[in-house]
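**Student:** all I have is the shape, not the residue letters:
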């Protein structure tokens, strides 16, 4: 039962973060919806559609989609994004609101799906200058997941040989030259967002920045 309780808590965090993001999105104008995000070439509206898609595909549908794209995950993501993007930003937002309490996911790695909204929310907020950030509790769970394994991003490999320590919470991991920053800044750096390296300090920060730059980190 402890795992079930933990999973329920993670979903509660994901639902809360989706709801908070929906509040921010409600205030955007058309130019902001079309602003480039930190997530590759996607604009804000495309990131939102991607979040809706991720919360709408169970394991079977996800596998069929990946097979249909011949294991080209970029193609898979683009097809599902197009499916869940509305004709207008308002419709895209309504579709996102409809999945706020969804527990549908392509795998049982619930922390990863919490990570989807935590990371992509900041992919949207940072370029728009929106100051809201995910709760430290939610960011800590994602940071722990990222530090433990390479899943959808090479997060564990990125921080190998470095020691990370949050300045605003309990997250700490690794050994080696220290990298300090807020939990969300460390999380975003592990997710490959080089823009967040500006928020980090310590003797290991330059090494982390160099690794992200070499790998073509977003942002």
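**Tutor:** Cool, got the structure. None of these values were measured; they are calculated from a predicted model.

**Student:** all contacts plus neighbour counts: C-alpha atoms, from now on.
**Tutor:** Fine.

**Student:** where does this structure have low pLDDT?
**Tutor:** Scanning the chain for pLDDT under 70 picks out 1-5, 58-73, 76, 217-219.

**Student:** measure the spatially most central residue of it to residue 153 for me?
**Tutor:** Centroid-nearest residue in the chain, with C-alpha atoms, centre = their mean: residue 119, separated by 2.3 Å. Distance of residue 119 to residue 153, computed by C-alpha to C-alpha, to the nearest Å: 11 Å.

**Student:** give me the common contacts of those two.
**Tutor:** Shared contacts of residue 119 and residue 153, defined by C-alpha atoms under 8 Å, 6 or more residues apart in numbering, are found at residue 191.

**Student:** how about the strands in the chain?
**Tutor:** 163-166, 172-174, 178-181 (DSSP state E).

**Student:** let's have those strands in TSV, adding distance to residue 136 and mean neighbour count.
**Tutor:** Below are the strands of the chain laid out as TSV (distance: least, C-alpha to C-alpha, whole Å; neighbours: other C-alpha atoms under 10 Å):
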stretch	distance to residue 136	mean neighbour count
strand 163-166	10	22
strand 172-174	13	17
strand 178-181	12	21
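
**Student:** got a markdown table for those strands, with distance to residue 96 too?
**Tutor:** Listed next are the strands of the chain as a markdown table, based on distance: least, C-alpha to C-alpha, whole Å:
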| stretch | distance to residue 96 |
| --- | --- |
| strand 163-166 | 31 |
| strand 172-174 | 33 |
| strand 178-181 | 31 |
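
**Student:** check contacts around the nearest residue to the residue nearest to the centre of the chain once chain neighbours are set aside.
**Tutor:** Leaving aside its sequence neighbours, residue 119 sits nearest to residue 188 (C-alpha to C-alpha, 6 or more residues apart in numbering; 6.3 Å). By C-alpha under 8 Å, 6+ apart, the contact list for residue 188 reads 119, 194, 196.

**Student:** go again with 10 Å.
**Tutor:** Listed by C-alpha atoms under 10 Å, 6 or more residues apart in numbering, the contact set of residue 188 reads 115, 118-120, 122-123, 139, 142-143, 146, 155, 194-197, 218.

**Student:** which neighbouring elements make contact with the longest helix anywhere in the chain?
**Tutor:** Identified as the longest helix of the chain according to DSSP state H is helix 2-25. On a contact count with 3 or more C-alpha pairs under 10 Å, 6 or more residues apart in numbering; DSSP states H and E, helix 2-25 meets helix 44-54, helix 89-97, helix 110-128, helix 136-148.
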